[in-house]
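Peer 1: Please find the sequence and the predicted model below.
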Amino acid sequence: MAASNLWQAFQSGDTTAFEQIFHAHWDRLVQYTSSIITDEALAQDILQNFFIELWEKRSTLPIPRDISAFLVFLLKLRILNALRKEDIRSRHEQQFAALLQSHTNSAAEALQTKEVYSQLQQYMDLLPPRIKQVFQLSRFEHKTIPEIADIMQASEQTIRNQLNTANKRLKLQLKSSFLSFFL
């Protein structure tokens, strides 16, 4: 089955197509995840959750030109979120940024990254200026809540509320978009 037909079958809920995608890419994605996450149990959890969420969001995902590059791209974002949630970002952020830079060589991946960033930027421009700034400081500059509160001269709770508002608004705007997979 051609890659685009396989992906379309997967999007339609064909479990056999999902299994084929899973088995075809599992080893590469395990290797990639393990190259970034040294904790084997955490790496396995991230990858398993990645495939669960991939299945759940399948109908909102675009048809990629290169399934492998697309899966690696989505996994990179999932790993970054996991590192942030595990509060080990500070120890791994520079290592991840270097790996992210070194692994973003394929033209398909670069194009996909540009398309995603462009669409997210359009939705962010709809946010109120202060909420947009809080979101950018958190997600793109990787500032902590206390750092953002200091920069914006606001309480940490206010920053949490604004970040929560930004996430809710973007998720609502991205509801039909595959970008909601990343927030």
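Peer 2: Received, thanks. Only a predicted model underlies this, so the values are computations on that prediction, with no experimental measurement involved. Numbers count the residues shown, from 1 in each chain.
Peer 1: rest of the way, CA atoms for contacts and neighbours
Peer 2: Noted.
Peer 1: separation between L163 and T144?
Peer 2: 11 Å (Cα to Cα, to the nearest Å).
Peer 1: An error on my part: the question was meant for L29.
Peer 2: 29 Å.
Peer 1: and what of R65?
Peer 2: 36 Å.
Peer 1: Can you tell me the element L127 falls in?
Peer 2: For L127, there is no enclosing helix or strand under DSSP states H and E.
Peer 1: Give me the mean pLDDT for the biggest helix by length in the chain.
Peer 2: When the chain is parsed with DSSP state H, its longest helix is helix 15-36. Per-residue pLDDT over helix 15-36 has a mean of 91.
Peer 1: For the chain, give me the ranges with low pLDDT.
Peer 2: Low-confidence segments of the chain, defined by pLDDT under 70: 1, 85-117, 174-183.
Peer 1: Just want the most central residue of it.
Peer 2: L77 (2.8 Å; Cα atoms, centre = their mean).
Peer 1: Look up how far L83 lies from it.
Peer 2: 10 Å.
Peer 1: so how far is L120 from L126?
Peer 2: Taken as Cα to Cα, the span from L126 to L120 is 10 Å.
Peer 1: Those two: who's more crowded?
Peer 2: Neighbours per residue (other Cα atoms under 10 Å) separate L126 from L120, with L120 holding more: 16 against 12.
Peer 1: In terms of neighbours, single out the busier of L29 and T144.
Peer 2: For L29 versus T144, the count of surrounding residues by other Cα under 10 Å is larger for L29: 18 against 14.
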